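Trainee: pasted the sequence and its predicted model underneath.
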Amino acid sequence: MRNHTTLLLVLVASFAACKKKEADKKDVPDKEGSGTSMASGTGTGTGTGTGTAATAAPDAAPAVPAGPRGRKADGNEPKLVELAETAATGCTLDPMYPQNACREQVTPAAAAFDPDNAAHVATILNLLEDESPQVRVLALGVMNDDYVMQKPAGRAAGARVAAAAAAETDPTVAGLFGHVLLQGDFADKAYADAVTKLATDHPVPQMRVSVVSNLAVQEPARFIPFLQERYTAETDKAVKKSILGAFYTPDNADLLCGWLLQQFVGEPDNELAGAIAYDIVWSNGRCASAYDSFAAAYAERVQTIAPDFMFALNTAYMVEAKGATPEQHKAMCDAAKLVADNQAVTEMARDKMKEAHGKHCK
């Protein structure tokens, strides 16, 4: 199996993509204009109503509070504020696994939240600007669970949500923002540009990790080249791995395969090189035209840079690469055997390649 970190990124990307497709079918109303044009409606009344007075789904972004923000904002839904208070004092942040953070508090809040209630939407947006990172985690969890950014009011509030992301300093909260932002209205150029800026230069790496994780599917012709540039410029390995996870897709071979091969040849880091190789060989055969060059580059690499276990785990799949010709398959098997027979390679890595070679090579 692929290493857990890379697999998690793939699952997150796939999950976000599925939510995007589902919500596009169900939640986006058939009306002209982007989220920006919807924001031109009157949202002041719905943004400051109470939970009992406002029951219809708002068509425009709730008004930004003129006074206190967060839990102290006027017009907040009392029940959601009560649950937010519980989160502020009772939940534990988890920057390594942000999606696990505060789930005991997020779950009841999501159950109490009504995405078709204007006051509830206004409140959850207010909580996104609270001083407590635990409360912001709760707000993002609810927004993600209920696809708030795929609703008209959420899309119309895209600039506000992106601004909250830009101001974020907590790594756990930052690690959750991408899942919400990637549900937004990328047809709105200002919004798309704001998210692109977060991926480029937000000072908290977890924000960049979360934003790039599924950015490529939003507009491949724009964002695949952008992410390729970011990969070259990025200095944080976790962000680089998230970009590679975003490139695990059966599409866009013309944009990806040559670039992936080039990166594999030049990447000295085993963890990143293994993730690149996985993107090349474990797909629907989209990169079959690069298999000859990949097998040769792999054979050269493993004789100069000793593979570790994670590199072997990710690259053992080459002996079952889809779309390989018999000649390409043999070249992959020969390259795998170089690792299996090399006593300088760790025993676990050799065993993994021996297993793969024995099962898939004659």
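Mentor: Arrived safely, thanks for sending. Residues are numbered from 1 along each chain as shown.

Trainee: so after the helix or strand hosting residue 120, what's the next helix or strand?
Mentor: Secondary structure assignment for residue 120, by DSSP states H and E: helix 118-127. The helix or strand immediately downstream of helix 118-127 is helix 133-145, counting by DSSP H and E.

Trainee: what's the angle from that next one to helix 118-127?
Mentor: Helix 133-145 and helix 118-127 are oriented at 130 degrees to each other (axes from the mean of the first three to the mean of the last three CA atoms, to 10 degrees).

Trainee: before we move on, back to that, average pLDDT for the helix holding residue 120?
Mentor: Regarding helix 118-127, the rounded mean pLDDT is 96.

Trainee: same thing with stretch 263-279?
Mentor: Stretch 263-279 comes out at a mean pLDDT of 96.

Trainee: show residues contacting it.
Mentor: 2-3, 6, 231, 237, 240-241, 244-245, 247-248, 256, 260, 280, 287, 294, 297-298, 301, 305, 307-308, 310-315, 317-318 (CB atoms under 8 Å, 6 or more residues apart in numbering). All C-beta spots, glycine's among them, are computed from the backbone N, C-alpha and C.

Trainee: which helices and strands sit right next to the helix holding residue 120?
Mentor: Under the contact definition 3 or more CB pairs under 8 Å, 6 or more residues apart in numbering; DSSP states H and E, helix 118-127 sits against helix 44-47, helix 78-90, helix 133-145, helix 152-156.

Trainee: residue 68: which of those helices is closest?
Mentor: Residue 68 sits nearest to helix 78-90 of all those, at 11.9 Å, using CB to CB.

Trainee: quick one, that closest one and helix 133-145 angle?
Mentor: Using the same axes, to 10 degrees: helix 78-90 against helix 133-145 is 130 degrees.

Trainee: flag every buried residue along helix 78-90.
Mentor: 80-81, 83-84, 86-88 (16 or more other CB atoms under 10 Å).

Trainee: now the closest residue to residue 228 other than its chain neighbours, what are its backbone angles?
Mentor: Of all residues not flanking residue 228 in the chain, residue 259 sits nearest, at 5.6 Å (CB to CB, 6 or more residues apart in numbering). In terms of degrees, to the nearest 10, the main-chain angles of residue 259 are phi -70, psi -40.

Trainee: count of residues packed around residue 259?
Mentor: As a burial measure, residue 259 scores 18 neighbours (other CB atoms under 10 Å).

Trainee: so how far is residue 234 from it?
Mentor: 15 Å (CB to CB, to the nearest Å).

Trainee: picking that back up, now the buried residues of helix 78-90 in JSON lines, with distance to residue 338?
Mentor: Formatted as JSON lines, the buried residues of helix 78-90 follow (distance: CB to CB, whole Å):
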{"residue": "80", "distance to residue 338": "59"}
{"residue": "81", "distance to residue 338": "62"}
{"residue": "83", "distance to residue 338": "57"}
{"residue": "84", "distance to residue 338": "57"}
{"residue": "86", "distance to residue 338": "57"}
{"residue": "87", "distance to residue 338": "53"}
{"residue": "88", "distance to residue 338": "56"}
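
Trainee: re earlier: roughly how far is the helix holding residue 120 from the heart of the chain?
Mentor: Centroid separation for helix 118-127 versus its chain: 24 Å, with CA atoms, centre = their mean, to the nearest Å.

Trainee: pLDDT weak spots in the stretch 51-200 of the chain?
Mentor: Within the stretch 51-200 of the chain, the segments meeting pLDDT under 70 span 51-58.

Trainee: mind doing that once more with 50?
Mentor: Within the stretch 51-200 of the chain, the stretches with pLDDT under 50 are 51-56.

Trainee: buried set for the helix or strand where residue 110 lies?
Mentor: Element membership for residue 110, per DSSP H and E: helix 103-112. Going by neighbour count (16+ other CB under 10 Å), the buried part of helix 103-112 is 105-106, 109-110.

Trainee: do stretch 142-155 as well
Mentor: Buried-residue list, stretch 142-155, by 16+ other CB under 10 Å: 142-155.

Trainee: quick one: end-to-end length of stretch 224-242, please.
Mentor: 13 Å (CA to CA, to the nearest Å).

Trainee: contacts for that stretch, please.
Mentor: So stretch 224-242 is in contact with 5-6, 9, 196, 199-200, 205-206, 208-210, 212-213, 215-216, 243-244, 246-247, 252, 255-256, 259, 263, 269, 271-272, 275, going by CB under 8 Å, 6+ apart.
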